[in-house]
Structure formats: C-alpha cells, structure tokens
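In: Prediction below, plus the sequence it came from.
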Amino acid sequence: MSDTTGQNASKGRIRLIGAVIVVGGAVAGGVIGALSRDGGDKPAAIVVAVVDRGAVTLDVATTGAVEPATTRSLGFSVAGSVESVLVRPGNRVSKGQKLAVLDDTGAADDLSDARSSLTEARARLGEATTVAARATASATACARPGQTVVPAGAAGIRGAIAARAAGPCATRGYPDAGGDQVLTAQQQVNRAARAVEAAQRALDGTVVTAPIAGTVVAVEGKVGDRVRSGATFISLADTYAMQVRADFPEADAGALVPGQTATVSLADSEDLYTAEVAQVDPAGTSDGTLVRFGVVLAFADAPDGLLVGQSAQIKVRTGEATDVLRVPSTAVHDVSGGSGTVLLHVANRSEERVVTVGLRGDRYTEITGGLEQGDQVVRSW
C-alpha cells in the first residue's frame with residue numbers, strides 16, 4: 001500500500017464518528033464521547049440524563065427582615081410634663097409593667113376635689129330623703145281610712161310638705177309646692193360620680209403601662225418634656241411572636257398563597273427554620289422599574305434571640321410533584337402550552353422528540369407523556 005493510500009484510509013477512518021456511552025456512578029446521567037469531525041484529537045462530550053422517577057419542586061426566593069407580629073404605640077391619655085422614664089429601647093418588659101410617668105400633682109388634686117364633691121352630694125341626698133320620708137309619714141297619718149297616699153319622692157311629697165306647713169291635715173290634696181328635692185339631690189350625686197370617674201381616668205392617664213409582654217423599640221421623649229394627650233411616647237413590640245416580612249417581584253408573587261411552606265435562614269447562621277406564608281399583600285408597590293408585593297411569613301417554631309430588623313433569606317415552595325417521571329429542566333426546550341422538545345439519544349444518535357410536560361421545577365421538569373423511564377436525553381443542548 002502506498003503512503004498516499006494509507007493516508008487517505010487513515011483520514012477516512014478519522015471521519016467516521018464512533019460514540020460510546022461512559023457509564024458513571026449515577027444512574028440518572030452519562031457522557032457520550034465522539035471523535036471530532038475536523039480530525040482533532042479531543043472527543044466532543046455530550047452529557048446525557050436517564051429519565052427516572054422522583055420529586056419535582058419549584059421554589060421562589062428573596063430576602064427579608066424579622067419583625068414583631070404586633071407593635072403597639074403607647075402614649076399618655078392626658079397632657080403634662082414627663083416625671084420619669086423607666087425603660088429604654090431594647091428593654092424586655094412584662095404585661096402591666098410601668099414604663100413612664102407624668103407629673104400627676106394636678107390630676108391627683110382634681111380627683112381629691114371630685115371625691116369631696118361626691119361626698120357632699122351624697123350627704124344632701126340623705127337629707128332630702130329623710131325629709132321626704134317624714135312628709136310621707138305625716139301624709140299617711142292624715143289620710144282617711146281606705147285613702148291611698150301618693151308615695152314619697154313624687155308629687156305627693158310636695159303636697160305633704162305644703163299640707164304640713166298649713167297645719168296638721170289642713171288639706172286632703174297635694175298641691176304643687178315646687179321642685180322634687182330627692183330627684184334634684186340624686187342628679188347631683190350622679191354628676192359628682194361621673195366627675196370622680198373622669199378624674200380617676202385622668203390620673204391613670206399619667207402612667208404608661210405595657211399592655212403586652214414585649215420589647216421596647218423606641219422612646220420618643222425624656223424627663224421634663226411636655227407631651228400632648230394621645231401622642232406616641234413609647235413603641236412596644238411583641239418580640240415573643242416574631243415573623244418575617246419580605247418583598248417578592250410580581251413574577252413570583254403570583255404563585256404565592258397563604259399556607260405554603262417556606263424555609264428561613266438568618267444572617268450569620270446556617271440553620272434553617274420552617275415557616276409558612278401568612279399573608280400576601282393585595283396591592284404591590286413600584287420603584288419605577290419593578291413591582292413588588294409584600295409577604296408575611298410566620299415561624300412554625302421561632303428561635304430564641306431574634307432581633308427586630310434581622311436580615312433573612314427566604315425560600316417558599318410554590319409547587320411540588322412526587323414520584324413522577326422527570327428529566328433535568330435544561331433538557332427540555334421550547335416549552336409552550338404544556339409541551340416541549342427534548343433531544344432523545346437512541347443507538348448512538350440523537351433525535352428531537354416532542355413531549356408533554358407537567359410541573360417545571362428548579363432542577364427537574366415533570367414528563368407526562370412522550371418518554372419512558374430509562375430513556376436517555378441530552379442534558380443540555
């Protein structure tokens with residue numbers, strides 16, 4: 001054989017493509033090696049994946065921050081001068097604990113005056129009641145046998161008083177003799193009692209107490225400050241019931257619904273905590289380029305030592321299918337209307353095949369038709 005003939009035969013053999021499947025440790029994939037068509041030394045590697053059964057999952061992720069489930073804005077119910085502030089930001093407090101106090105001198109004096117007025121009003125009511133009782137007794141003594149006497153406290157008392165003034169049993173009737181003293185005295189007692197209640201509320205309003213157990217996150221004043229009635233002076237967070245708030249882009253937020261499971265990881269920690277979507281804001285906010293929707297996630301079991309504002313990584317599971325036929329998502333192209341295209345590898349050659357798909361997950365895509373378990377497809381093409 002001439003050198004030329006030998007060279008041509010050699011080139012012809014090089015142009016022939018020999019493919020071999022290299023079986024690795026994982027049954028779900030392999031590598032196909034082929035000699036290059038241009039006569040190069042390095043084979044072109046094609047990675048294949050074996051169609052298998054397993055789980056397909058889809059998650060959406062973002063960042064967020066830890067916040068209290070409840071925050072209370074507390075203030076004094078009366079205006080005044082701050083006498084003492086008993087807490088500072090970061091302090092943990094118990095329910096009912098005193099947090100801040102106003103100078104209550106004026107409020108205490110008002111309560112004392114109101115109580116004195118109530119005592120006097122009650123004394124006048126007692127005197128009026130005694131006079132009315134005597135008048136009723138006198139009228140009863142003057143009545144004819146079988147005559148009904150009008151009860152004391154009504155118009156009959158006035159008639160009885162007038163009759164006594166005119167002399168014993170001067171008249172059988174009870175003419176109008178002016179206002180009802182018992183009724184007037186009772187009205188004065190009622191007004192005085194309401195004044196005491198108002199004064200007591202005002203005195204109570206000079207103290208801010210914690211309505212819940214939690215952590216003080218802000219104090220808006222200091223000793224000596226003049227404060228308005230109802231103005232926020234202390235912000236208290238329920239840090240015993242913490243949650244995570246995050247903003248998701250609208251492309252992801254559309255798949256979020258309350259009740260979905262999530263995982264949360266906190267800054268400077270590798271631990272993962274289970275959470276659940278508790279709320280998805282119905283309206284989004286735009287920064288001019290992207291619309292985001294707020295989402296609140298509740299811890300299944302909140303860890304100790306959470307800090308308000310602590311950053312968190314959130315991953316929410318929006319889709320999951322178990323024990324289904326699947327291929328790597330990179331193997332499926334041109335997905336539209338529930339179908340897509342894969343490059344099926346059979347007998348050392350590859351051909352396109354249209355398949356029907358279900359859930360398209362982060363790593364795998366569910367195959368509902370067109371492939372069987374054990375088929376091989378090109379992983380990425």
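Out: Yes, it's here.

In: pLDDT score assigned to Gly224?
Out: For Gly224, the pLDDT comes out at 94.

In: So which other helices or strands are in contact with the helix or strand hosting Arg53?
Out: Element membership of Arg53 [criterion: DSSP states H and E] is strand 52-68. Strand 52-68 sits against strand 214-219, strand 242-249, strand 311-328, strand 349-360, strand 364-369, with contacts defined as 3 or more Cβ pairs under 8 Å, 6 or more residues apart in numbering; DSSP states H and E. To be clear about C-beta, it is placed using only N, CA and C from the backbone, and glycine gets the same treatment.

In: And the third one, what's buried?
Out: By that I understand strand 311-328. 312-316, 318-319, 321, 324-328 (16 or more other Cβ atoms under 10 Å).

In: Who are the packing partners of that strand?
Out: strand 52-68, strand 242-249, strand 261-266, strand 291-299, strand 349-360, strand 364-369.

In: possible to save these as a markdown table with mean neighbour count and distance to Ala79?
Out: Listed next are those as a markdown table, based on neighbours: other Cβ atoms under 10 Å; distance: least, Cβ to Cβ, whole Å:
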| stretch | mean neighbour count | distance to Ala79 |
| --- | --- | --- |
| strand 52-68 | 17 | 29 |
| strand 242-249 | 20 | 35 |
| strand 261-266 | 19 | 43 |
| strand 291-299 | 20 | 36 |
| strand 349-360 | 16 | 62 |
| strand 364-369 | 20 | 66 |
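
In: Select, out of those, the one closest to Ala100.
Out: Of all the helices and strands packed on strand 311-328, strand 52-68 sits nearest to Ala100, with 19.9 Å by Cβ to Cβ.

In: Indicate each strand paired with the strand holding Arg53 and its parallel or antiparallel sense.
Out: The strands beside strand 52-68 in its sheet (DSSP bridges) come out as strand 242-249 (antiparallel), strand 311-328 (antiparallel).

In: export the ones you listed to CSV and tack on distance to Ala218 and mean pLDDT?
Out: Formatted as CSV, these follow (distance: least, Cβ to Cβ, whole Å; pLDDT from 0 to 100):
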stretch, distance to Ala218, mean pLDDT
strand 242-249, 17, 95
strand 311-328, 20, 96
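
In: Would you reformat those as a markdown table and include distance to Thr209?
Out: Output for these, formatted as a markdown table (distance: least, Cβ to Cβ, whole Å):
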| stretch | distance to Thr209 |
| --- | --- |
| strand 242-249 | 23 |
| strand 311-328 | 32 |
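
In: The residue nearest to Gly369 when sequence neighbours are not counted bridge partners, please.
Out: If the residues on either side of it in the chain are set aside, Gly369 comes closest to Thr356, at 3.9 Å by Cβ to Cβ, 6 or more residues apart in numbering. On the basis of DSSP bridges, Thr356 is bridged to Ser339, Gly369.

In: Pretty sure Thr356 sits against Glu366.
Out: No: assessed by Cβ atoms under 8 Å, Thr356 is found out of contact with Glu366, at 9.5 Å.

In: contacting residues around the nearest residue to Ser94 once chain neighbours are set aside?
Out: Leaving out its chain neighbours, the residue that sits closest to Ser94 by Cβ to Cβ, 6+ apart is Ala213, at 5.1 Å. By Cβ atoms under 8 Å, 6 or more residues apart in numbering, the contact set of Ala213 is Arg92, Val93, Ser94, Lys95, Asp238, Tyr240.

In: Specify the local secondary structure of the last one.
Out: Spelled out, that is Tyr240. Assigned with DSSP: H, G, I helix; E, B strand; the rest coil, Tyr240 falls in the coil class.

In: State the distance from the residue lying closest to it once chain neighbours are set aside to Ala107.
Out: Once flanking residues are discounted, Tyr240 sits nearest to Ala213: 6.1 Å by Cβ to Cβ, 6+ apart. Distance from Ala213 to Ala107, counting by Cβ to Cβ, to the nearest Å: 27 Å.

In: for Asp362, same thing?
Out: 64 Å.

In: quick one: which of these two has more around it?
Out: Neighbours were counted for Asp362 and for Ala107 using other Cβ atoms under 10 Å; Ala107 has more, 20 against 14.

In: Within the helices and strands, which one has that one?
Out: Counting by DSSP H and E, Ala107 is part of helix 105-142.

In: Give the buried residues for that helix.
Out: Quick answer for helix 105-142 (16+ other Cβ under 10 Å): 107, 110-111, 114-115, 117-118, 121, 124-125, 128-129, 131-132, 135-136, 138-139, 142.
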